[in-house]
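J.: Got a predicted structure here, sequence first:
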Amino acid sequence: MSPYYRGGYDPIPASAADLRHIAQAEKYRTEPVLKYKSSGRCLEIGPWRGVICSNMKDAGFEVTAIEMDAACVSFLRDKLGIEAIESVDPAESMRQLRPGFDVIISWHSMEHLPHPWMVIEEASKLLAPGGILLLAMPNPDSYEFARLKGRWYHLDTPRHLHLFPVKTLVDVCRRNGLESIEITTADRFSQIQSRQAWYNLGRSLVPVPYLNRLAGATTGRLLSKLTHRQQMAEGRGSAYTAVFVRK
C-alpha cells in the first residue's frame, strides 16, 4: 500500500513549535478523552505528523506512538521527543508494550488497517482498568454515503480497507471488555468531514484546473447548508467519535 500514501495526508512541520501552532486549532480531537483523564500514559495508533501526540504531551501525558511512515517516526522522535515505533503491524507492536495505558487513541487510522479488530483486542489488554479508548472513523451509515454512494469522498479507496458501522464497533469493543460511554456523529470533525465531501464532489463535476476549486468551494458551501439538518442528525454524520472505557 505504500505507493498510495506517498506524500501523505498533511506535510510534516519543520519543528515542534510549528506542530504546536497547527495543533492549537485541533484540540477538539483530544477533548473527548481529557474529560475523563488528565494525566498518565497515552498510546496513539497512526498519528502521522503528530497533532494529537503534541496536544496530549502538552496536556501532561507520557506519549507513545505507533506509525508506519519512517519520516513521521523520525519527526516524532527527534523533534517532539516522544517514543515512536515504526511499524506496519500495530497489533504486533502493541503486544511488545508494557500494559497500563490510561488512554489509547486511534483517530481515523483504524480504517487503514488490514485487521483493525486485532488492534481493539490488544488495546483492551494494554489499557489499565478504567482506561479510555478513543476511536474515530468515517461513518458508513452517514447521510452522505447513502446519497453519494461510490462517489463519497471518505471511501478514500484504496487506502481505506474497512468501514465499521457504529453498531459493529460497539459489538467488537464489548466482546473485548470495553464499554461505550460516549458516541457522536455530530461533532466538529464530522462537520469538517462533511464539508470536505461536498467540496470534492463539486471539484469532480468541473474537470478544469483552477475552475474545479471554485466549483468545489461553491458547491461545498451550498450543499453543506442544504443538507446540514440531515447530516447533523445523530447517527447520520459523516464521521463518528466513540469513547470506550475498560471495565
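T.: Nice, thanks for sending it over.

J.: Help me confirm that L205 comes into contact with T218.
T.: No. Using CB atoms under 8 Å, L205 is not in contact with T218, being 10.5 Å away. C-betas here are computed from N, CA, C, even on glycine.

J.: Show me what the top helix by length along the chain is packed up against.
T.: Longest helix in the chain, counting residues (DSSP state H): helix 188-205. Here helix 188-205 touches helix 143-148, helix 211-226, strand 239-246, going by 3 or more CB pairs under 8 Å, 6 or more residues apart in numbering; DSSP states H and E.

J.: May I see the ones you listed arranged in CSV, with distance to L134 as well?
T.: Formatted as CSV, the helices and strands packed on helix 188-205 follow (distance: least, CB to CB, whole Å):
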stretch, distance to L134
helix 143-148, 22
helix 211-226, 26
strand 239-246, 6
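
J.: Next, A65: phi, psi?
T.: Per-residue torsions, A65: phi -130, psi 150 (degrees, to the nearest 10).

J.: Quick check: buried residues in the longest helix of the chain?
T.: Going by neighbour count (16 or more other CB atoms under 10 Å), the buried part of helix 188-205 is 189-191, 193-203.

J.: Stretch 234-247 now?
T.: Neighbour-count burial for stretch 234-247 flags 235-246 (criterion: 16+ other CB under 10 Å).

J.: The longest strand along the chain: partners in the sheet, and parallel or antiparallel?
T.: In the chain, with assignment by DSSP state E, the single longest strand is strand 127-138. When pairing is defined by DSSP bridges, strand 127-138 lines up against strand 101-107 (parallel), strand 239-246 (antiparallel).

J.: who touches the first one?
T.: It stands for strand 101-107. Residues outside strand 101-107 that contact it (CB atoms under 8 Å, 6 or more residues apart in numbering): 29-30, 33, 37, 39-47, 52, 56, 61, 64, 119, 123, 126-128, 131-136.

J.: try it again with 6 Å
T.: Outside strand 101-107, the residues within contact range by CB atoms under 6 Å, 6 or more residues apart in numbering are 29, 33, 37, 40-45, 52, 123, 126-128, 131-136.

J.: and what of stretch 47-58?
T.: Stretch 47-58 is contacted from outside by 10, 12, 19-20, 23, 26-27, 29-30, 42, 44, 63, 65, 67, 72, 76, 80, 82, 105, 107, using CB under 6 Å, 6+ apart.

J.: follow-up on the earlier one: okay, the helices and strands packed on helix 188-205, which one's buried deepest?
T.: For the helices and strands packed on helix 188-205, the largest average neighbour count (mean count of other CB atoms under 10 Å) is found in strand 239-246, namely a mean of 23.

J.: Sounds good, over and out.
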